[in-house]
Every structure is written in C-alpha cells, then in structure tokens.
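Colleague: Compute the structure for the input listed below.
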Amino acid sequence: MRYMQYKGVVEREYKKSLRKIMYEICVVEGLNASLGAKKLGVAKEIFVFWRSFYRLDKNQQLFDQAVDNMEQMKFLYLNEAKGIDLSRPLQHQNEQSLQGLEELIAHMIEYYKCKHAESGGLAIDAGKLPLYEFAQELLEEYKTGSLLAEVENLKKKA
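Modeller: Numbers count the residues shown, from 1 in each chain. Model (predicted):
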C-alpha cells in the first residue's frame with residue numbers, strides 16, 4: 001500500500017482526519033514513533049513521514065513556537081518606543097547616587113526598547129533589556145526593603 005492508502009485506512013478506522021489523529025498521538029499522548037506506529041498499525045517509516053509532514057515532531061514544534069514568539073516580539077515595544085525621547089537631558093548626570101543609577105537604568109531600558117522596536121525584535125543589543133529590567137526590579141526591592149527581608153530570611157535558613 002501507499003501512504004495515501006494507509007491514510008484512508010487509518011482515517012476510516014478512527015473516523016477523524018489524519019491531522020487530528022496524529023496530533024492526539026504525538027502531542028496529547030506524547031507517543032514516540034515506535035509506539036505511535038504500533039497504535040495506528042502502520043510501519044514506523046510511514047508514521048515518521050506523517051509526523052514530519054504535519055510538523056508534530058518535538059523539534060519541529062519547538063522551532064515553530066520560536067518563530068511564532070519572534071513574530072509576536074516584533075510588536076512588543078512598538079507603541080512604547082513611540083513615546084520615548086532618548087535625547088532628553090539626565091537629571092542626575094554629574095552625581096554618583098542611587099537616584100543617578102536608577103535614572104541611568106531607566107534610560108538604558110528605554111534605549112533598548114527603542115532598539116528592539118527599530119529592528120523588529122532582531123537587534124542583538126536588545127538582548128540586554130532583560131538584564132536592565134532585572135536591575136530595575138532589584139533597585140525597587142532594595143528601596144522597599146523586601147530585598148533586605150529576603151537576605152535576612154536566607155540567613156535564618158542557612
């Protein structure tokens with residue numbers, strides 16, 4: 001028999017399209033090629049072909065998900081970047097203080113958001129954005145005292 005003949009037999013047996021059958025077996029049940037082929041009663045090579053054709057292999061799914069995430073990331077900071085003025089003067093430029101550090105971190109976050117928006121999410125430099133956002137979170141935790149409380153709590157556990 002040929003692939004199309006096997007397809008017809010399997011679809012008649014399960015009363016569903018092959019795409020739905022393969023999705024249930026590969027994604028929902030998570031069966032590998034050997035077990036999936038055994039369940040459908042077809043050769044492993046046929047099962048592997050169908051799995052690849054419908055892009056249900058784990059690596060294919062991860063790749064497709066990464067591509068989808070990149071497509072969504074293009075528009076992530078687009079609206080925010082429109083309202084950012086990177087040429088505005090810094091208020092704490094000539095001082096080394098917590099406020100100065102906070103202002104610089106906020107400025108860098110804005111800069112990388114603009115870079116991200118300009119490049120459609122593909123700028124390598126924009127990869128630093130999470131680092132600056134984390135630094136901003138740490139500063140906020142420091143100012144509220146929750147960072148100190150966490151350190152004290154960890155001391156008690158040690």
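Colleague: Report the separation between residue 149 and residue 98.
Modeller: Going from residue 149 to residue 98 by Cβ to Cβ, to the nearest Å gives 18 Å. Placement of C-beta: from N, CA and C, glycine included.
Colleague: surely residue 60 meets residue 52?
Modeller: Yes - using Cβ atoms under 8 Å, residue 60 makes contact with residue 52 at a distance of 7.2 Å.
Colleague: Residue 7: what's it in contact with?
Modeller: 18, 50 (Cβ atoms under 8 Å, 6 or more residues apart in numbering).
Colleague: Going by neighbour count, list what's buried in the strand or helix carrying it.
Modeller: Secondary structure assignment for residue 7, by DSSP states H and E: helix 3-14. For helix 3-14, burial by neighbour count (16 or more other Cβ atoms under 10 Å) applies to 6-7, 10.
Colleague: For residue 70, state which of the residues you listed is nearest.
Modeller: Set against residue 70, the nearest of the buried residues of helix 3-14 by Cβ to Cβ is residue 7 (32.8 Å).
Colleague: which secondary structure elements does the helix or strand of the chain with the lowest mean pLDDT contact?
Modeller: Of the helices and strands making up the chain, the lowest-confidence element is helix 78-82, at a mean of 78, by mean pLDDT, DSSP states H and E. Judged by 3 or more Cβ pairs under 8 Å, 6 or more residues apart in numbering; DSSP states H and E, the packing partners of helix 78-82 are helix 98-119.
Colleague: Show the model's pLDDT score for the spatially most central residue of the chain.
Modeller: Most central in the chain under Cα atoms, centre = their mean is residue 69, positioned 5.5 Å from the mean C-alpha point. Each residue has a pLDDT score; the one for residue 69 is 79.
Colleague: Kindly report the same for the one 5 residues further on.
Modeller: Reading off the per-residue confidence, residue 74 sits at a pLDDT of 70.
Colleague: which residues touch it?
Modeller: 120-121.
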